[in-house]
Structures are given as C-alpha cells and as structure tokens.
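Engineer: please find the sequence and the predicted model below.
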Amino acid sequence: MNDSAAPSTSRKAVEGGTAERDYRPDIQGLRAIAVAMVVIYHLYPSLLPGGFAGVDVFFVISGYLITGHLWRGYQRTGKIPLLDFWGRRARRLVPAAALVLTVTWLASRLVLPATRLADTADQVRASALYFQNWLLAHNAVDYLKSNDAASPLQHFWSLSVEEQFYLLWPWLFLAAAMLVGLRARRAGRHRAPGVNVGRAVVAGLAGALVLGSLAYSVYDTRADPAAAYFVTTTRVWELGLGGLLALLPERLGRPLGRQGWLGWAGLAAVAASPFLLRGTSAFPGAIALLPVLGSAALIAGGSAAARHGPARLTSVRPMVFLGGISYSLYLWHWPLIVLWSTYRGHKIGPYAGPALAVAAVVLSWLTKVWVEDKVRLARPLARHPSLSVCTALSAALPVALVAVFIAGQPAPWHGKLGPRYPGAAVLAGKVTSVPAEPVLPPPSELSLPSYWRQGCLDGEHVPEPRECVFGETSHPVLTVALVGDSVAGNWVSALQAIAVRRHWKLVTELHATCAWTATVMLDQRTHQSYDSCHAWGVTVLHDLLTTVRPDVVITSERPGMKTAAHPAGGPPAEADVGAGMARYWTQLKHAGISVVAIRESPDVGLNGPDCVVRNPSSLSKCDVPTAKAIMRHPPTEYAARLAGVPVIDMNLLICEPRVCAPVVGNVLVYQDGHHLTWNYSLTMAPYLEQRLLTADKSLAPTSA
C-alpha cells in the first residue's frame with residue numbers, strides 16, 4: 001500500500017529478490033486495482049460487496065517489495081541497517097499521513113457532532129502512533145462502541161498493521177544472520193556463508209511465521225470475528241506470503257516469472273474477490289486466501305517477462321498513475337466520504353460519489369507531488385538515516401492538536417440529576433410542569449452504566465456466562481436474577497436502586513446481542529448459527545436451576561432478532577424466539593422459580609445523543625413515531641402466553657402515545673438507538689418497582 005519501490009522481473013532482472021533495480025509498472029497497476037476496489041466499496045458497498053479485499057492485495061504487495069528490499073541489502077552486506085530501513089519508511093509514509101490526520105481533525109471539529117469528537121480524537125492519536133488497528137479491535141468487542149458511526153480515520157487500521165510489520169520483519173533477517181554466523185563458527189569456517197544458506201534460513205523463519213499467523217487467523221476469525229478483522233496477528237501471513245515470494249531463488253523465480261497464465265489466473269482471482277466475498281462474512285480467515293494468493297500469482301507471473309501475460313493491461317498509463325498515488329488516495333478518500341456524508345446527513349448519492357472520487361484523486365496527486373516525493377527524495381534526509389527517522393516526528397502535530405482538545409474538555413459530569421430533572425415522572429403524570437434546564441446527562445459526556453464498566457455484559461462471542469451481584473449480599477430477603485441481552489441491561493440501574501431499598505440480592509446474567517432463548521439465533525455479523533449465544537443460554541439456565549436458585553427471574557430482550565431457522569427475520573423469527581423463551585421459562589417455573597418478563601424497549605433507529613446535539617433548540621426533530629419504535633407483537637408476549645408468565649410494559653414511561661422523544665423531563669432518554677441512559681433508567685425505578693410487586697406477589701416481602 002505504501003512502498004514506492006516496484007522492482008522488475010524483466011530480462012534485465014532476476015526474479016525472486018536478487019539485484020533487481022528496474023521499475024515494474026505492472027505492480028503499480030495492481031496497486032491501482034487494489035485502491036479502486038477499496039474506494040468503490042466505501043462509496044457504494046452494494047456495487048463491490050467484497051471490495052475491502054483490496055487491503056489484502058496491498059498487504060501482499062507491501063510484503064513482497066519490503067522483503068525484496070531487505071534481502072538485497074542483506075545479500076550485499078550480510079547486515080540489516082535498521083536505522084536506514086526505518087528512516088526510509090518514515091520519510092516515505094509519515095509526513096503524508098500526518099497531513100491527512102491534521103486536516104481531517106480540523107474538519108471533524110467543524111462537521112462532526114460533539115458526541116463523536118472524543119472518539120475521533122482517540123483515533124487521531126492511535127492513527128498517528130500506528131496502533132489504530134488494536135483500538136478498533138477493542139472497540140469491535142466493546143458492544144456499545146461496535147455500533148458507533150464510522151470514524152473518518154478508521155481506515156488507518158491497515159496502515160497500522162503495515163507499520164507494525166515493518167518494525168518486526170527486519171528482525172527475521174537479523175535472526176537469520178545470527179543463525180548463519182553461528183553455523184559458520186561451529187563449522188570452523190571464517191569466510192561468509194553462501195547466499196543460499198542465508199536465504200533458506202530467512203525463508204524458513206518467514207514460512208513458520210506465515211503458517212502460524214494463517215492458522216491463528218483461521219482460529220480467531222471463528223472465535224472472535226469482530227476483533228480478528230483488525231489485529232496484526234491475523235494479518236501478518238498476508239504480508240509474509242508476499243515476502244516469501246520475494247525470497248524465491250532464481251531457479252524458481254525465473255521460470256515462474258515467464259508463466260503468463262499464472263498472471264492471468266492471479267488477476268482473475270483478484271478481480272473475482274470483490275464480487276465473491278461479502279462484508280457479512282467472517283474475515284480474514286481461510287477465505288482471505290482468494291485475494292492473497294491471487295495477488296501473489298499476479299506478482300509472480302504478471303511482469304513484462306511473462307509471455308502472453310497481463311502486463312500490457314496492468315501497465316497502461318492510467319493504472320500506473322493511479323497506482324503511483326495509491327497511498328495518498330487511500331489516506332484521503334475515507335475522510336472525504338465520512339465527513340461529506342455526515343455533513344449532508346445521508347449516504348453518498350449517485351452524483352456525490354464520482355465527485356468525491358475526483359476530489360480524492362486531486363488531493364492525492366497534490367500530496368504525492370508536494371509531500372510524499374519532496375520528503376522522500378530530499379537529499380539531506382536520504383544521506384542521513386537519523387534525519388530520515390526524525391521525519392516521524394511530523395506525527396506529533398496531530399497528536400498535539402488532539403491532546404489540546406482532550407485537555408480542554410470540561411470536568412466530567414457528576415451524574416446527579418436533581419429536582420429539576422424528573423425524567424419518567426413526567427410520563428407517569430406525577431409532574432406536570434418542567435422548568436427549562438440543560439439536558440442531562442450531557443450528550444457529549446455520556447457514561448456507560450456501572451454494570452457495563454464492571455464487565456458484567458458478556459461480549460458477543462463469549463459462550464460462558466459471567467454472574468455479577470448487586471444489592472444486599474449478606475442477608476438478602478430475596479434473590480432476583482436479571483437475564484437477557486443488553487436491552488435487558490436497560491433495567492440494571494433501576495433494579496439496583498430497588499434491590500438496595502428492598503434488600504434484594506440482584507444477580508445479573510447478561511450477554512450482548514443474545515436473546516435468552518432455547519432457539520438457535522443467527523449471528524448478525526457472520527450470518528451463521530450463533531453458537532456462542534446458544535451455549536451461553538444453556539449454561540445460564542443450568543446455573544439458575546442449580547447454583548443461583550433465585551426466587552424470581554426478570555428477563556427482557558431486543559426485538560427484531562433473526563434465527564437460524566428464519567434468517568430473513570420477521571414474525572416467523574419472532575415467534576421462534578418466543579417459543580424458545582417459553583421453553584426456558586417453563587423449566588424455571590417447574591423448579592419453583594417465578595418469571596417476570598419486561599416488554600421489549602423501544603428501538604428508535606437513530607442515535608439520540610447525536611440528534612440532540614444537532615438540534616438543541618428543536619428537539620422535536622428527533623422524535624420518532626411510537627408505532628415505529630415499539631413492536632406490536634414482540635416475542636415476550638408470545639412467550640408469556642405459552643408459559644403463563646406476567647409481562648410488564650414500561651414503554652409508556654419511555655414514549656408518549658404518539659412519539660418517542662429523545663428527552664423526557666430534561667433527562668436524555670437514549671444512549672444510542674435502543675439503549676437507555678442509566679440516568680433515565682434510574683428515574684423509572686419507583687414505577688418499575690410498583691409493576692414488579694403487582695406482577696409477582698412473592699417480591700412483596702421486605703425486612704425494611
């Protein structure tokens with residue numbers, strides 16, 4: 001993606017990484033294909049549903065070119081000049097990235113809502129310091145953040161992977177040099193060992209790393225697909241495979257370089273990838289072999305040395321030009337897309353897409369000419385590796401800008417509402433006049449509920465439940481369990497207050513995006529059976545019956561989920577979910593454990609805090625029709641009829657009869673589109689308590 005060298009495998013060159021100096025325009029063409037795939041995918045995902053594979057193509061190219069560069073230096077001197085290598089990378093990559101980060105941050109301050117600036121600042125810092133992929137991996141398994149709007153800088157994850165690769169990969173050559181030297185000393189030789197020995201050692205180490213990373217990629221993509229997409233350990237094999245190609249000895253590389261059919265086969269695989277792959281598929285894993293092997297084949301058999309190969313096609317001037325600016329184009333295109341779509345408030349239309357693409361190309365060409373090339377070719381920097389390394393300090397500018405922003409943020413809100421913030425009491429009819437006050441919690445200072453911060457919500461692919469205990473733990477009057485997904489978690493704050501007042505022991509068993517039902521659900525990310533959710537549900541039932549033994553189980557879930565038997569969703573899936581819920585509830589009742597269901601909370605389908613920030617003086621623009629937000633016949637109602645379980649409806653304390661407003665009684669209702677703020681949940685505590693005591697008389701006793 002970001003190394004300008006493109007060595008040749010023409011007649012004047014030797015394939016496989018010996019003294020090749022000639023320029024390879026076909027590799028620039030391959031870069032052009034890769035960046036075009038990514039840009040089109042980001043503009044119009046439905047046109048190229050697997051266009052994200054362009055990043056994998058970039059990885060193979062980078063691994064090939066960087067390894068060739070390292071090997072040629074090692075071949076000449078037997079050493080790896082780390083300072084010179086890292087200096088070249090720094091002056092080639094960092095200044096352009098620092099420019100884009102700085103401009104994007106300044107534009108974000110003007111365009112993005114205040115609720116997104118803190119996360120964007122974190123991502124500017126992570127991108128400038130090249131650990132963005134790990135931040136996104138963490139956010140991907142952080143259920144609330146995984147649903148956040150796209151960041152204008154999240155594409156820096158792949159650059160972070162490459163930079164981490166550049167930091168680690170040269171150590172293979174150093175290790176090889178040490179092993180070869182040790183072998184020579186043991187053999188009693190004083191002359192330098194043969195080139196082939198060094199190549200074999202480097203290739204052996206690289207091959208082991210590639211195989212290990214590929215195996216881990218397959219495993220982790222199944223075990224934790226959300227995070228696996230970003231982490232370096234699941235991607236190193238893609239760069240390493242390109243590196244192995246560069247290490248091929250001449251007797252293998254030269255014949256391969258003449259096989260034009262191999263280049264065509266690789267081009268076909270690369271071209272097929274954006275149509276055969278889907279963003280809903282777990283990736284990378286084994287399916288990443290399609291674009292990766294295709295790229296490797298195209299590099300091996302796609303040069304001008306290949307008879308009847310694709311070099312003429314991939315070396316045409318427009319593709320060479322696009323490949324030449326591909327690094328800058330990758331940097332610029334995504335911030336333009338995100339900032340424009342945020343500013344306009346809708347997805348990219350048929351006219352805006354081409355206009356944004358042209359703007360990105362122009363900005364990229366200017367950046368290539370006036371930043372990339374100026375710094376990369378500057379003689380004072382090229383002559384002094386230490387000065388080259390110092391160009392990495394340009395990343396300090398965006399880091400300093402966001403540090404100033406973070407330092408200037410007001411002190412965190414203390415979390416207390418006060419008497420002028422009645423919240424749900426307004427919809428309960430207990431308060432008729434509400435004074436005008438600033439909305440609390442401040443939309444830009446939202447905090448997660450305490451149970452979430454304490455790790456009491458299992459991640460989406462965690463099969464084992466984690467119990468958390470609140471309320472009275474020494475001598476409880478009753479034990480009450482709250483079971484369900486994060487929508488059930490909407491009630492933790494209210495139930496904690498009730499548990500303290502009534503001396504209950506409150507046990508939570510909560511799992512992100514996982515209804516507690518015997519029905520096998522559909523994983524919304526992979527579109528396969530949600531086995532971890534099912535395993536979690538089975539274990540929770542067992543624990544409730546054997547170890548927790550609560551007096552009452554309270555449960556709820558998010559509507560609209562899909563099941564393995566009904567992947568299209570809709571009423572059949574809802575009935576399927578409800579039937580599975582009823583099976584669990586019936587088993588609890590047979591064991592003498594009461595069950596109370598809370599009707600599914602409204603799903604307003606928009607980010608409430610963002611909307612409030614955009615419309616501070618006209619909050620009615622954020623209203624959503626109640627009929628749209630509340631499902632008419634949710635699974636809990638169906639399950640309650642089957643199992644004979646009471647259902648509590650709290651939605652009249654969240655939405656008015658006609659609309660669901662983002663602010664009620666001066667209190668912000670929604671954390672996002674379907675999670676309530678813990679503050680609003682707390683204002684519903686007295687009304688939830690009343691309904692619970694009415695629904696199940698066993699909850700009435702108290703030692704108070």
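Structural biologist: Thanks, I have it.
Engineer: let me know the pLDDT of the spatially most central residue of the chain.
Structural biologist: With distances taken as C-alpha atoms, centre = their mean, residue 140 lies nearest the centre of the chain, 4.2 Å away. At residue 140, the model reports a pLDDT of 72.
Engineer: grab the nearest non-local neighbour of it.
Structural biologist: Excluding the flanking residues, the one nearest residue 140 by C-beta to C-beta, 6 or more residues apart in numbering is residue 226, at 3.8 Å. Every C-beta, even on glycine, is put in place using the N, C-alpha and C of the backbone.
Engineer: tell me the SS of the residue nearest to the centre of the chain?
Structural biologist: Three-state call for residue 140 (DSSP: H, G, I helix; E, B strand; the rest coil): helix.
Engineer: verify the contact between it and residue 230 for me.
Structural biologist: Yes - contact between residue 140 and residue 230 holds when scored by C-beta atoms under 8 Å: they sit 6.6 Å apart.
Engineer: and the residue nearest to the centre of the chain, how far is that from residue 277?
Structural biologist: 19 Å (C-beta to C-beta, to the nearest Å).
Engineer: what does residue 226 give?
Structural biologist: Distance of residue 226 to residue 277, given as C-beta to C-beta: 17 Å.
Engineer: again with residue 160
Structural biologist: Noted for residue 160: a distance of 22 Å to residue 277, by C-beta to C-beta.
Engineer: let me see the ranges of the helices in the stretch 51-200 of the chain.
Structural biologist: 54-77, 82-111, 114-128, 132-141, 143-146, 156-168, 170-187, 195-223 (DSSP state H, counting those that start in this stretch).
Engineer: quick check: mean pLDDT of the fifth one?
Structural biologist: For helix 143-146, the per-residue pLDDT values average out at 55.
Engineer: where exactly do the helices run in the stretch 401-550 of the chain?
Structural biologist: With DSSP H, counting those that start in this stretch as the criterion, the stretch 401-550 of the chain has helices at 450-453, 492-502, 531-543.
Engineer: what about the ones you listed, which gets the closest to residue 405?
Structural biologist: helix 450-453 (23.5 Å; C-beta to C-beta).
Engineer: can you tell me which of the helices of the stretch 401-550 of the chain is most buried?
Structural biologist: Among the helices of the stretch 401-550 of the chain, ranked by average contacts under mean count of other C-beta atoms under 10 Å, first place goes to helix 492-502 (a mean of 22).
Engineer: that helix - contacts with which helices or strands?
Structural biologist: Packed against helix 492-502, as judged by 3 or more C-beta pairs under 8 Å, 6 or more residues apart in numbering; DSSP states H and E, are the following elements: helix 450-453, strand 468-471, strand 478-484, strand 504-511, helix 678-683, helix 685-695.
Engineer: which of these has the lowest mean pLDDT?
Structural biologist: Among the helices and strands packed on helix 492-502, helix 450-453 scores lowest, with a mean of 84.
Engineer: what's stretch 605-613 in contact with?
Structural biologist: For stretch 605-613, contacts defined as C-beta atoms under 8 Å, 6 or more residues apart in numbering pick out 113-116, 149, 439, 443-444, 446, 619, 621-622, 624, 628-629, 662-663, 668-673.
Engineer: can you pull the buried residues of that stretch?
Structural biologist: Buried residues in stretch 605-613, counted by 16 or more other C-beta atoms under 10 Å: 607, 608, 609, 610, 611, 612, 613.
Engineer: how far out from the middle of the chain is that stretch?
Structural biologist: Centre-to-centre, stretch 605-613 and its host chain are 21 Å apart (C-alpha atoms, centre = their mean, to the nearest Å).
Engineer: using PDB, list the CA coordinates for that stretch.
Structural biologist: Taking Å, rounded to 0.1, in the frame of the first residue of the first chain, the C-alpha atoms of stretch 605-613 are listed here in PDB:
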ATOM      1  CA  GLY A 605     -33.500   3.600  14.900                       C
ATOM      2  CA  LEU A 606     -31.400   6.800  15.300                       C
ATOM      3  CA  ASN A 607     -28.600   8.000  17.500                       C
ATOM      4  CA  GLY A 608     -30.500  10.100  20.100                       C
ATOM      5  CA  PRO A 609     -27.500  12.000  21.500                       C
ATOM      6  CA  ASP A 610     -26.200  13.000  18.100                       C
ATOM      7  CA  CYS A 611     -29.600  14.200  17.100                       C
ATOM      8  CA  VAL A 612     -29.900  16.300  20.300                       C
ATOM      9  CA  VAL A 613     -26.500  17.900  19.700                       C
END
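Engineer: what residue ranges in the protein score low on pLDDT?
Structural biologist: For the chain, the stretches flagged by pLDDT under 70 are 2-22, 78, 141-148, 180-196, 701-704.
Engineer: returning to that earlier point: take the helices and strands packed on helix 492-502 and lay them out in a markdown table including distance to residue 327.
Structural biologist: Formatted as a markdown table, those follow (distance: least, C-beta to C-beta, whole Å):
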| stretch | distance to residue 327 |
| --- | --- |
| helix 450-453 | 39 |
| strand 468-471 | 47 |
| strand 478-484 | 47 |
| strand 504-511 | 42 |
| helix 678-683 | 44 |
| helix 685-695 | 55 |
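Engineer: looking at the ones you listed, which is nearest to residue 210?
Structural biologist: Short answer: strand 504-511, nearest of these by C-beta to C-beta, at 35.5 Å.
Engineer: packing partners for the closest one?
Structural biologist: With 3+ C-beta pairs under 8 Å, 6+ apart as the test, strand 504-511 has strand 457-458, strand 468-471, strand 478-484, helix 492-502, helix 531-543 packed against it.
Engineer: if we go to 10 Å?
Structural biologist: Applying 3 or more C-beta pairs under 10 Å, 6 or more residues apart in numbering; DSSP states H and E, we find strand 504-511 packed against helix 450-453, strand 457-458, strand 468-471, strand 478-484, helix 492-502, helix 531-543, strand 552-556.
Engineer: taking their axis directions, that strand and helix 492-502 sit at what angle?
Structural biologist: For strand 504-511 against helix 492-502, the angle by axes from the mean of the first three to the mean of the last three C-alpha atoms, to 10 degrees is 160 degrees.
Engineer: and strand 504-511, how far from the chain's centre?
Structural biologist: 29 Å.
Engineer: name the nearest residue to residue 352, sequence neighbours excluded.
Structural biologist: Excluding the flanking residues, the one nearest residue 352 by C-beta to C-beta, 6+ apart is residue 340, at 6.6 Å.
Engineer: how close does that neighbour get to residue 346?
Structural biologist: Distance from residue 340 to residue 346, counting by C-beta to C-beta: 10 Å.
Engineer: pick out whichever of the two has more residues nearby.
Structural biologist: A count of neighbours by other C-beta atoms under 10 Å puts residue 340 above the other of residue 340 and residue 346, at 18 against 8.
Engineer: pull out the buried residues from the helix or strand in which that one is found.
Structural biologist: Element membership for residue 340 (DSSP states H and E) is helix 326-344. Residues of helix 326-344 classed as buried by neighbour count (16+ other C-beta under 10 Å): 326-342.
Engineer: kindly report the same for stretch 209-225.
Structural biologist: For stretch 209-225, the neighbour count (16+ other C-beta under 10 Å) marks 209, 210, 213, 214, 216, 217, 218, 220, 221, 222, 224, 225 as buried.
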